[in-house]
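Novice: Pasting a predicted model and its sequence here:
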Amino acid sequence: MAYLNAEEAGHALRVIGEKLQAADILTVEGAAALRDESFRLAKLKKETSWTTRIARERAITFERVQDKDGAEISIALSAERIVIDQDVVSHPPFVTLDVAVAITNAAGEPVCRWHLDRANIGQQGPLFHLQMGGHLPGFRDRELPIAEPRWCHPPLELGLLCEVLAANFFPAKWARSVRDDPAWCDAIRRLQKLCFTDYVARLTQSLAVSESTALARMWNGSWV
């Protein structure tokens with residue numbers, strides 16, 4: 001089932017970028033990165049399969065905020081690759097999902113990094129998962145020595161991750177200028193259908209199964 005086409009997805013990303021820039025949450029560069037991707041998707045018109053990539057060098061960047069000690073930090077959202085194919089019927093329509101949130105200090109040094117993935121073939125963990133760490137170019141000595149735990153998590157694409165970051169790091173601006181805006185809510189709702197519909201169905205079905213658990217049914221290799 002197709003939940004939206006590429007043109008509709010591009011429109012949603014454009015609205016999200018414009019609203020976040022107007023609220024002083026996205027930087028000019030971050031809004032431009034999101035806008036460029038929205039225009040590219042819009043050109044694909046009614047296609048229901050597409051690939052998205054946001055390079056680290058041109059990430060979706062947010063305005064600087066302060067950590068609990070008052071030091072400035074920067075937030076960047078990038079996507080190594082997101083491949084969407086809505087002809088897939090056995091799981092959420094993400095053939096590939098590899099997105100990252102990198103937080104750095106004022107000197108450009110890594111503070112932490114999170115990434116949301118679809119598991120590789122044979123990889124242990126939930127099919128869709130959130131984990132901390134990953135590759136830190138130029139700071140390989142600071143990479144975590146373990147990949148676990150991989151937290152069971154619904155897939156999120158760029159627009160929904162922008163909402164998560166805006167709400168967490170800019171709660172007052174988000175609540176005042178974005179959260180209840182009708183155009184914003186419509187854009188987010190369209191992307192929620194893409195990301196959550198099949199995931200929620202799987203989770204709901206697992207509640208009726210007595211011989212297994214929700215996590216076991218969402219494990220890589222079990223979701224068929």
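Specialist: Nice, I can see it. Residues are numbered from 1 along each chain as shown.
Novice: Now do the contacts for Ala167.
Specialist: Residues in contact with Ala167 (Cβ atoms under 8 Å, 6 or more residues apart in numbering) are Trp174, Arg179. Glycine gets a C-beta too; all of them are placed from N, C-alpha and C.
Novice: so Ala12 sits in a helix?
Specialist: Yes. Assigned with DSSP: H, G, I helix; E, B strand; the rest coil, Ala12 falls within a helix.
Novice: Please give the element, helix or strand, for the closest residue in space to it that isn't next to it in sequence.
Specialist: Sequence neighbours aside, Ala187 is the residue nearest to Ala12 in space, at 3.9 Å (criterion: Cβ to Cβ, 6 or more residues apart in numbering). Element membership for Ala187, per DSSP states H and E: helix 182-206.
Novice: Rounded mean pLDDT for that helix, please.
Specialist: Averaged over helix 182-206, pLDDT sits at 96.
Novice: Now the following helix or strand past it: buried residues?
Specialist: Per DSSP H and E, the first helix or strand lying C-terminal to helix 182-206 is helix 214-217. For helix 214-217, a neighbour-count test (16 or more other Cβ atoms under 10 Å) marks Ala214, Arg217 as buried.
Novice: what helices or strands is helix 214-217 leaning on?
Specialist: Under the contact criterion of 3 or more Cβ pairs under 8 Å, 6 or more residues apart in numbering; DSSP states H and E, helix 214-217 touches helix 182-206.
Novice: gap between the helix holding Ala187 and the chain center?
Specialist: Centroid separation for helix 182-206 versus its chain: 13 Å, with Cα atoms, centre = their mean, to the nearest Å.
Novice: buried ones in it?
Specialist: Buried-residue list, helix 182-206, by 16+ other Cβ under 10 Å: Trp184, Ala187, Ile188, Arg190, Leu191, Gln192, Leu194, Cys195, Phe196, Asp198, Tyr199, Arg202.
Novice: And for stretch 2-12?
Specialist: Tyr3, Leu4, Asn5, Ala6, Glu7, Glu8, Ala9, Gly10, His11, Ala12.
Novice: try stretch 28-39
Specialist: In stretch 28-39, counting by 16+ other Cβ under 10 Å, buried: Gly30, Ala31, Ala32, Ala33, Leu34, Arg35, Glu37, Ser38.
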